[in-house]
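Student: sequence and predicted structure, then a few things I'm wondering about:
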Amino acid sequence: MASLTPPVSIRHGVRCVTANGVNVEEVLLAVGQEIGYENISSASRMNKAVVVFLKEENHVNHLISSGIVGSGDFVTVLPLVAPTIKVTVSNVPPFIQSNEIERELLRLCYGLCPHMTVENRDRLRVRDLLTAYYDLDYHHNPRGSSYWRNRVMKVASKYTGRGLTFSVANKKDFLSELEDDFGLGTSDGGELPFVTIRTKLGHKYTMREEFTRDGLSLERFLDDYFAGRLKRYVKSEPVPERNSGAVKVVVAESFDDIVNDPDKDVLIQFYSPSCPHCKKLEPVYRELADTLYYDPHIVVSKMNAADNDVPLGYDVRGYPTIYFAPAGKKDEPIRYEGGRELKDFLKFLKREASHGLVSGGSKDEL
């Protein structure tokens, strides 16, 4: 037992309790994700409950209204109606200050259901990540924000330990990304959450079924994901009906068929229609394709990277970016860093090609 005086008024305190009891760490993580760790003053264990003191009274009303979720269980949050003088300590300091919370629990905070923002998205996306996008705004819509997050958490608790992290995000903060990466319009999903999965390898999936309040649609989506039944979302232009030109046109949907053909050496140029450097290169690139048109082992191709997803293994940060995907080694594409004259490309290909180059029906002697 220890006698401690709370550092703030009793009006700043809340009591968190479930039928099975909760621990300090789980409560602090849940409270911190709901209102921000910086708004927690201190916390303590009291019998089977956890008492948390907050820096502002308005956060007390928020937590009482919304409740929190700890380890998948809903935690009731009650006002602290009487001062806490005696505190039962169980292998932890009776009070954990906010700076210690951030230091000790940072490694755990991403494992529940964090609020993904533009600032922290890169840190979250180092793992396979499910995100529910909706009108998440704890200042103007605290009840709705907590309601949907709790629904996601309830379902997420059934899939723990399977390598998927869960998060929620404000749809308005990611509208352009959702449109560019998932092909979503501004009206898709309406007021209901829109759910996506983005793996650390860059694979993307969308839940097309409407998010139901009982969570069953999300469970079906996750069951299909873990069973490998979902089709990956790929942003792609239509596959050309005719593709008989010397320079083969590649889109995301045809990338595997053309560039990843295991029997072909493939030169692939990633370009943007608006890029002046790409336009300057076009006649040279077409001449290269014409020169090698009769070579049965090599393909000269191009893909509009502005309107198609670029596959993993290809680092495209500017245009044009050119790679060589050798036959039998498609997981080891070689970035082309040479000059942009015909002789430069031919010299590179003669060095890297799996077969001698064929030009106009005869072996190239370069």
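Tutor: Perfect, thanks for sending it.

Student: can you list the domains in this protein?
Tutor: According to automatic domain parsing, the chain is divided into the following domains: 2-108, 115-226, 248-363.

Student: mind putting the ones you listed in TSV, distance to Pro238 and mean neighbour count included?
Tutor: C-beta here means a position set from N, CA and C on the backbone, and glycine is covered the same way. Listed next are the domains of the chain as TSV, based on distance: least, C-beta to C-beta, whole Å; neighbours: other C-beta atoms under 10 Å:
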stretch	distance to Pro238	mean neighbour count
domain 2-108	42	17
domain 115-226	13	17
domain 248-363	7	16
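
Student: pLDDT weak spots in the protein?
Tutor: Within the chain, the ranges that satisfy pLDDT under 70 run 1-8, 18-22, 65-66, 70-74, 81-112, 185-190, 360-366.

Student: quick one, helices of it?
Tutor: Taking DSSP state H, the helices of the chain run over residues 24-35, 57-66, 98-109, 121-124, 142-156, 175-182, 216-226, 255-258, 276-291, 342-352.

Student: out of these, which comes closest to Gly313?
Tutor: Of all the helices of the chain, helix 255-258 sits nearest to Gly313, with 11.0 Å by C-beta to C-beta.

Student: circling back: export the helices of the chain to TSV and tack on distance to Pro79?
Tutor: Below are the helices of the chain laid out as TSV (distance: least, C-beta to C-beta, whole Å):
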stretch	distance to Pro79
helix 24-35	14
helix 57-66	6
helix 98-109	21
helix 121-124	33
helix 142-156	16
helix 175-182	38
helix 216-226	32
helix 255-258	58
helix 276-291	64
helix 342-352	71
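
Student: what's the closest of those helices to Arg162?
Tutor: That would be helix 216-226 among the helices of the chain, by C-beta to C-beta, at 6.4 Å.

Student: what angle separates the closest one from helix 142-156?
Tutor: Relative orientation of helix 216-226 versus helix 142-156 (axes from the mean of the first three to the mean of the last three C-alpha atoms, to 10 degrees): 40 degrees.

Student: what's next to helix 216-226, contact-wise?
Tutor: 130, 151-152, 155, 158-159, 162, 164, 195, 197, 205, 207, 209-212, 230 (C-beta atoms under 8 Å, 6 or more residues apart in numbering).

Student: of the helices of the chain, which is nearest Tyr134?
Tutor: Nearest to Tyr134, of the helices of the chain and by C-beta to C-beta, is helix 142-156 at 5.4 Å.

Student: how far is the closest one from where the chain is centred?
Tutor: 19 Å (C-alpha atoms, centre = their mean, to the nearest Å).

Student: measure how it sits relative to helix 57-66, angle-wise.
Tutor: 50 degrees.

Student: got the phi and psi for the spatially closest residue to Leu192 that is not a sequence neighbour?
Tutor: Closest residue to Leu192 apart from its sequence neighbours, by C-beta to C-beta, 6 or more residues apart in numbering: Phe211 at 4.5 Å. Phe211 adopts backbone torsions of phi -70, psi 120, taken as degrees, to the nearest 10.

Student: isn't Phe211 right up against Val195?
Tutor: Yes. Contact criterion C-beta atoms under 8 Å: Phe211 and Val195 qualify, at 6.4 Å.

Student: on that earlier part again, mind checking the helices of the chain for the one nearest to Ser359?
Tutor: Across the helices of the chain (criterion: C-beta to C-beta), the nearest stretch is helix 276-291, sitting at 5.4 Å.

Student: pull the distance from that closest one to the chain's centre.
Tutor: Relative to its parent chain, helix 276-291 has a centroid offset of 36 Å by C-alpha atoms, centre = their mean.

Student: next, the angle from that helix to helix 342-352.
Tutor: Using the same axes, to 10 degrees, helix 276-291 lies at 60 degrees relative to helix 342-352.

Student: so how far is stretch 194-213 off the chain centroid?
Tutor: Chain-centre distance of stretch 194-213: 10 Å, with C-alpha atoms, centre = their mean.

Student: same question, stretch 129-136
Tutor: 10 Å.

Student: and if you look at stretch 166-176?
Tutor: With C-alpha atoms, centre = their mean, you get 10 Å for stretch 166-176.

Student: and that stretch, how far apart are its ends?
Tutor: This stretch, stretch 166-176, spans 21 Å end to end (C-alpha to C-alpha, to the nearest Å).

Student: other residues contacting it?
Tutor: Contacts of stretch 166-176 (C-beta under 8 Å, 6+ apart): 112-118, 124, 129-137, 145, 148-149, 152-153, 156, 178, 186, 189, 193-194.
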